[in-house]
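In: need coordinates for the following:
(chains A and B)
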Amino acid sequence: MSWVVELLDRENGRFLNSSERCQPLKLSWDDFFGPKEALISCPAETLSMEDWKLRLGQDLRVYDPQGRLAWWGYLEAVSQSSGNLGYSVDIKEMANRVAVRYRDSVDDEAAEFTQTAWFEDLESQAIYGQKEALFTLNQASQNSAERFAQMRLAEKAFPQIRFNEESRASNRDGGVYLLTCKGWMNSLSWRIWPGVNGRIENTVMQSGFQPLGNAGNNLRLAQSFLVRDSLKFNRISVRLRKAGEPADKLRLSIQADSAGKPSGLALTSVLISPEELQSESYSWQSLNFTLPVELTEGKRYWLAAERSGALNAENYYQLAVDENLNFKEGNLLLFDQSTASWKARLPEADLLFKLNGVRNQLAQMRDVVEFGGQFLRGIEAQIGETLDLPPVGEDVWDCLRVFRFLMNYGNSDASPLCSGSDPNRKLQVWQRKSASTAVLRLDEQARLSNQAGQAVDAPWQAVGEWLAPDAARPLYLRGLSLEPSTGKIIFNP
Amino acid sequence: MTNLAIGRLDLPDEGAWLRLSGVSNLPGLISSDYDFQLSEEERTKETIKIRLRGSLEQLRLWLDHLENFQRLVPEVFLRIWKDDQEGYVYARLRQLGLQTQSGHLASLEKGSLEVKLNIERDTLFFGEEFPLPLSNGSGSNQISGLTLFNHDDEGLGHDNWFRIDIPELALKGPILTRFQIENNFSGSALADFFLGSLPYAAGELQPTLSFEAENGGLGTVIGNTSASGGKYAQLRWSGKDWQSLGSWTLGPMLVSQINGGTVLPIVRFFNPVASSALQLRFVVKQQGMLVFEGAAAQAGPGKGFAVLDPLRLPLGELPLRNYALQHQLLLQAMQSDSGEHVVEWDDFLLLPQAGFLGFHALSGLTRGQKLIVDEVSGKSWSSQDGLEFKSHNQIGSGIRLQAKTPQIFYCFQSDPEGDAPIERTVSVRAWGRKQWRLP
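Out: Here you go, the predicted structure:
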């Protein structure tokens, strides 16, 4: 008895397979996944391929001879070779929640992709959890895209046992099941990140303009908009020009809504200098707010503009608008000095504008784990100050890719970040240690020893540490793979 | 050498054996030659020639039996009768090849056959089982069952350990063991449990590997009869840095007795920790200087105990011509969630791992059920009223008794709720089998 493999129900920890004869062939860890991959050999005893199929996605744990939990993750695939026939079943290709992105072939002007609703197999989801697939069709109608999604769902909703033509069993392997396992972090790849739109904008072609501050009926201007995702907005762009040579500045502010009108209280603001503007043509001007403003999802706000000085009929500002009303989530009002009230513009129009939002990096990581971490139990981070970043809005990235993308920014000190799922299936994120912390020694025979000179019994615990080789500068151990039966270790595979 | 046989050790009657010398249980055996080899290797290759004469049916029966045993290897043993032992000795067969002479078919038809068995067996033979006497505060040299509590304090019989006094048994070679652990606790079932052993020199003080929280010198000590030693420690702190829960000195003799082996620290909480963010580790100081930080282990939320990363002691590879310097052991906790953190804990056990078995509960063991760990078969199973079942999944490197030195065994028990009440008990029995290179 040495290394031991246990397969447990991921929900309640019950044993699903009590064979004490399964043995790990190869285990790997790295500083992103923690436990990354495992290859396990199990004798063909009482379980059939159908039995293994139902165990896909369940909790697999590997203990070392000292009883230490060395590797943990889920069962992704099982294969068996017997004679000239090979069988395999895996959860990688399975999808029980399917949608299709398509360019509408009926609508000639459609440049953007449209997405069908998600089609789901609830029975499969009850067994395996939600596993999504998003297909892309360059030309399709809504009907054909939905049909395509339904077909893919029918085909992929459950894992399929397949022949492996290329597989030929050696005598030694005959009848043995090979289990391929992945660390829990990898389960983030099961869901497609829905994306967060970090911009609220109306950037269609200009059709019309609105003078501001040349008469009492345009003392102020305000464009309303709806916030889709709670974000911190830090940058604003408007399209405008100056008329004459205004000596004052143009103040842009964000205001809350008060009964369908701007509240009058600036949540944040910024000034545009007339020197920045052209008088002959319109141009986009982008500025950062003095203080970024946190706007709440589902609420209406106003982008208000007014001069910092007095009305002037010769020298004033002209803002670009869209009189074709392409912007559906707001309207433009003008403040009339004579009646001291907000009125609709005639003809109606919408301001051309862009608002850019950011979200804290760690908050985005939490969002991703909360959305995509159906088997994970949250995230815990010890990473110091983090960055405000544009939200990740890519349409077809899975949550694992988004999480890695956010990790790749490092923290605000530009220190790289490390992560991994702990045995309680909570994602841990921490700042990579500095080379000066190296205490583990790597000798010429590639043996690891601790600060007391003892051989390291659990080399995987050295992942994420700096190693001090004999007569060389410290090396960072990003990952490691181990063959338990031979003790062979590959550093940074 | 007389009375040579091959067969199954796990079947109770003589019918499981095929005698290859003397009067066989199959007709037709004329003679046999066993080419015994003495080897220093773990396994030994030998041959046994058997000469048969009889009807075609009789010879066919021999061949069928031999081929059947060939398929059953390695569950097949070589058995030899030893007059001086007045008993059998056994060696497990790892390979069994059958080789016939040229002209085999013609010879078979004429009623005569010579078959050579090419065997590879475990070099060590082992003998019949005998009970191993066990001792602790509940009794000395008990062979009918010794009670172990789930803690070790001054209370009468409150021992989570037992000892086998090998020197008194005058055993010279390594011994194969069979342990039987019976749950004799009237409360909840026995779930996960651990058994670890440590040999130590005869004449030395028996190593003590249980440590009380209240002796760690930190936190508030609170009296409670449900705690080991009648007290537990409560620690409160804030922040996300490592916090020491206590400090203990491992004396020179104890550190030296561990002799470069590992111990598995198991910390028992008086009240389970609610947070999933608690991590524990041991650090070691020598002469006041921090010299080793153990890997952090996650404490499972709601569990009454935590298994920490094994510690190898003493630190560094020492020749141990003299005792090692004492080690100061500090238990530390870190909790990354916000607010005040509270840990109420009772004691810890440094479970020795010179021999080590852990058992993860499938169904657990209710009162009266027994778990058996047999070194000969390499299997562990449970029994109730003579019927076998699997209650636990076994982990660990295994337990082997060492010759000549007394050996102490520590045990830690838990229940299905993940608690480890100190009043839990099991009854332990053990059997041994002597081993010889030369039977």
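
In: tell me the domain boundaries of chain A?
Out: Following automatic domain parsing, one gets these domains for chain A: A:4-89+A:160-182, A:97-156, A:204-351, A:360-411, A:435-491.

In: can the shortest one be said to contact chain B?
Out: Right, domain A:360-411. Yes: Domain A:360-411 is in contact with chain B by CB under 8 Å from any CB of the partner chain, via A:377, A:380, A:382. C-beta here means a position set from N, CA and C on the backbone, and glycine is covered the same way.

In: for PyMOL, write the selection for the buried entries among those.
Out: The following PyMOL line selects those of those that are buried, judged by 16 or more other CB atoms under 10 Å in any protein chain shown:
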select buried, chain A and resi 377+380
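
In: tell me which of the residues of domain A:360-411 next to chain B fall in helices.
Out: Nothing among these maps onto helices, per DSSP state H.

In: which one of the residues of domain A:360-411 next to chain B is nearest A:Arg251?
Out: A:Gln382 (41.9 Å; CB to CB).

In: find the nearest non-adjacent residue to the closest one, please.
Out: A:Trp430 (4.9 Å; CB to CB, 6 or more residues apart in numbering or on different chains).

In: one step back: and which of the residues of domain A:360-411 next to chain B is nearest chain B?
Out: Checking the residues of domain A:360-411 next to chain B against chain B by CB to the nearest CB gives A:Glu380 as the nearest, at 5.6 Å.

In: pLDDT-wise, which helix or strand of the chain ranks last?
Out: Answering for chain A, as no chain was given. Ranked by mean pLDDT, DSSP states H and E, the helix or strand of chain A with the weakest confidence is strand A:15-17, at a mean of 82.

In: please refer instead to chain B.
Out: helix B:166-169 (a mean of 74).

In: what parts of the stretch 201-350 of chain B come near chain A?
Out: B:240, B:262, B:264, B:276-277, B:291-292, B:295, B:298, B:300-301, B:307, B:309-310, B:312, B:315-317, B:336-337.

In: select only the buried ones of those residues in ChimeraX?
Out: Buried residues within those, by 16+ other CB under 10 Å, are selected in ChimeraX with:
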select /B:262,264,276,277,291,292,295,298,300,307,309,310,312,315,316,336
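
In: inside strands: which ones of the residues of the stretch 201-350 of chain B next to chain A?
Out: The strands, defined by DSSP state E, take in B:262, B:264, B:291-292, B:298, B:307, B:312 from those.

In: next, give me the two most distant ones among those.
Out: Most distant of those, by CB to CB, are B:Val291 and B:Gln298, 24.2 Å apart.

In: what residues are up against A:Leu325?
Out: A:348-350 (CB atoms under 8 Å, 6 or more residues apart in numbering or on different chains).

In: do B:Leu331 as well
Out: B:216, B:244-247, B:267, B:280-282, B:348.

In: the same query, at a cut-off of 7 Å, please.
Out: B:216, B:245-246, B:267, B:280, B:282, B:348 (CB atoms under 7 Å, 6 or more residues apart in numbering or on different chains).

In: now, those residues that are in strands?
Out: Short answer: the contacts of B:Leu331 in strands (DSSP E) are B:245-246, B:267, B:280, B:282, B:348.

In: how about these in JSON lines, adding neighbour count?
Out: Conversion of those to JSON lines gives the following (neighbours: other CB atoms under 10 Å in any protein chain shown):
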{"residue": "B:Leu245", "neighbour count": "22"}
{"residue": "B:Gly246", "neighbour count": "21"}
{"residue": "B:Val267", "neighbour count": "25"}
{"residue": "B:Leu280", "neighbour count": "26"}
{"residue": "B:Phe282", "neighbour count": "23"}
{"residue": "B:Phe348", "neighbour count": "28"}
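
In: take those and lay them out in CSV including pLDDT.
Out: Shown next, in CSV, are these (pLDDT from 0 to 100):
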residue, pLDDT
B:Leu245, 96
B:Gly246, 96
B:Val267, 97
B:Leu280, 96
B:Phe282, 96
B:Phe348, 97
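
In: circling back to that earlier point, check the contacts of B:Leu331 and tell me the two furthest apart.
Out: B:Gly216 and B:Leu280 (13.1 Å).

In: biggest helix in chain A, by residue count?
Out: Longest helix in chain A, counting by DSSP H: helix A:142-156.

In: quick one: residues contacting the residue lying closest to B:Gln95 once chain neighbours are set aside.
Out: Distance criterion CB to CB, 6+ apart; nearest residue to B:Gln95, sequence neighbours excluded, is B:Glu120 at 4.0 Å. Going by CB under 7 Å, 6+ apart, B:Glu120 touches B:43, B:45, B:94-95.

In: tell me where the stretch 201-350 of chain A has helices.
Out: Taking DSSP state H, counting those that start in this stretch as the criterion, the stretch 201-350 of chain A carries no helices.

In: no no, the stretch 1-150 of chain B
Out: Under DSSP H, counting those that start in this stretch, the stretch 1-150 of chain B gives helices at B:56-72, B:104-109.

In: and the first one, what's buried?
Out: By that I understand helix B:56-72. Here helix B:56-72 shows B:58-59, B:61-62, B:66, B:69 as buried, counting by 16+ other CB under 10 Å.

In: what does the residue of chain B most remote from its centre show for phi and psi?
Out: Centroid-distance maximum for chain B: B:Lys110 at 53.2 Å, with CA atoms, centre = their mean. With angles defined as degrees, to the nearest 10, B:Lys110 sits at phi -90, psi 0.
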